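J.: Provided below for reference: sequence and predicted model.
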Amino acid sequence: MAAFVAAFSALHTRCSRHSGAIASTTPCARADTRFPGARPVWRRAHDAFSTRFLPRTSITTRARYPQYFRPGSPPLRSALETPASSPTLPSELQKLNDSAEPIDVIDAALARYGTDCAIAFSGAEDVLVIEYAARTGRPFRVFALDTGRLHAETYRFYDRVEKHYHIRIEYCFPESEAVERLVQAKGLFSFYTDGHGECCGIRKVAPLRKKLSTLRAWITGQRRDQSPGTRAAVPLVQMDSTFAGRDGQGTLVKFNPMADVSSKEVWDTIRVLEVPYNELHERGYVSLGCEPCTKPIQPGQHEREGRWWWEEQTKKECGLHAGNLAGRVDVK
């Protein structure tokens, strides 16, 4: 604000200083004589002020806030000067980010949100999240995105998980019309040339968005070591800035209880607790997704190298956790 006042005062002084000369000269003489054809001094000062302090006026502002330019509309000033409050985590949830065990994070999520919270299950080693949820003794929900192109082994694994934990997985399906339009226009394997974004958007992101719009919180199996380029800073608990929850945008809470657990620790726990797992893991598959976009990895390769292997390594997010890309760390 102080900078605005100082700049406006300087503009006013400059315009006043030149007002007498401007009134007594011809139009050509009013321009700065050091640069023939240049704009007058006062005009250059005005333009410089406007560029710095009024960058979104006129057409841009009308386009962004059309409701304030209709007859009888409230003053625009209130819309521009009142900052939107950033959603913040409740203090008791924020404390979990200091240091908390996976089962404690899951227990806190289920205790606070109950059936307004659900676990997102990919059919991979994130089955451990379901194991921990069962051990809390609280009721819990699980959903999975059935893209229509998963491995047969993954579908069989879903069935085993339902029977083992005595639960019913809530399957989310893509809109058939959207899938048909994509396939008719570009074929079954357009992602190999166009990138996976469009296909994942239809088969994964849209169904997830629809599901999350009915919830207040969700639990994921994300880990920081899954993707050094995009997940290195994943917190245990966060406000989801990507998707809107049941109460609107900026209200959905996202729990990542496995964030600071390593892959080795996950598999050690799975073996000790005798947790069921996808048989594809025994064939070299680590990170699991759709069948055409997933392959086994070789010893020494990072687990994410088995996904979308034809694309840049640091961009391997399908859109379910798009917020990770904002804090992406480029890995050389």
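T.: It's in. A quick note: this is a predicted structure, and the numbers were derived from the prediction, not measured.
J.: On the pLDDT front, check Glu162 for me.
T.: pLDDT for Glu162: 98.
J.: low-confidence ranges in the stretch 201-332 of the chain?
T.: For the stretch 201-332 of the chain, residues meeting the criterion pLDDT under 70 lie at 228-231, 304, 308-310, 312-332.
J.: Spell out, range by range, the strands that occur in it.
T.: Assigned by DSSP state E, counting those that start in this stretch, the strands in the stretch 201-332 of the chain fall at 217-219, 237-239, 244-245, 248-249, 253-255.
J.: For those, give me JSON lines that also has mean neighbour count and distance to Glu162.
T.: (C-beta placed from N, C-alpha, C; glycine too.) Compiled in JSON lines, the strands of the stretch 201-332 of the chain are given as follows (neighbours: other C-beta atoms under 10 Å; distance: least, C-beta to C-beta, whole Å):
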{"stretch": "strand 217-219", "mean neighbour count": "26", "distance to Glu162": "18"}
{"stretch": "strand 237-239", "mean neighbour count": "20", "distance to Glu162": "28"}
{"stretch": "strand 244-245", "mean neighbour count": "18", "distance to Glu162": "26"}
{"stretch": "strand 248-249", "mean neighbour count": "11", "distance to Glu162": "32"}
{"stretch": "strand 253-255", "mean neighbour count": "26", "distance to Glu162": "22"}
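J.: okay, those in TSV with distance to Pro139 next?
T.: What follows is the strands of the stretch 201-332 of the chain, written out as TSV (distance: least, C-beta to C-beta, whole Å):
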stretch	distance to Pro139
strand 217-219	13
strand 237-239	20
strand 244-245	19
strand 248-249	25
strand 253-255	16
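J.: closest to Gly201 out of those?
T.: strand 244-245 (16.3 Å; C-beta to C-beta).
J.: so what strands line up beside the closest one?
T.: strand 248-249 (antiparallel) (DSSP bridges).
J.: Not counting its own residues, what contacts the partner strand?
T.: Outside strand 248-249, not one residue touches it by C-beta atoms under 8 Å, 6 or more residues apart in numbering.
J.: From Pro90, how far off is Arg149?
T.: 38 Å (C-beta to C-beta, to the nearest Å).
J.: Show me which of the two is the more surrounded one.
T.: Arg149 (16 against 10; other C-beta atoms under 10 Å).
J.: which residues in the stretch 101-250 of the chain form helices?
T.: Along the stretch 101-250 of the chain, the segments classed as helices by DSSP state H, counting those that start in this stretch run 102-113, 127-136, 152-165, 176-186, 191-194, 197-200, 206-212.
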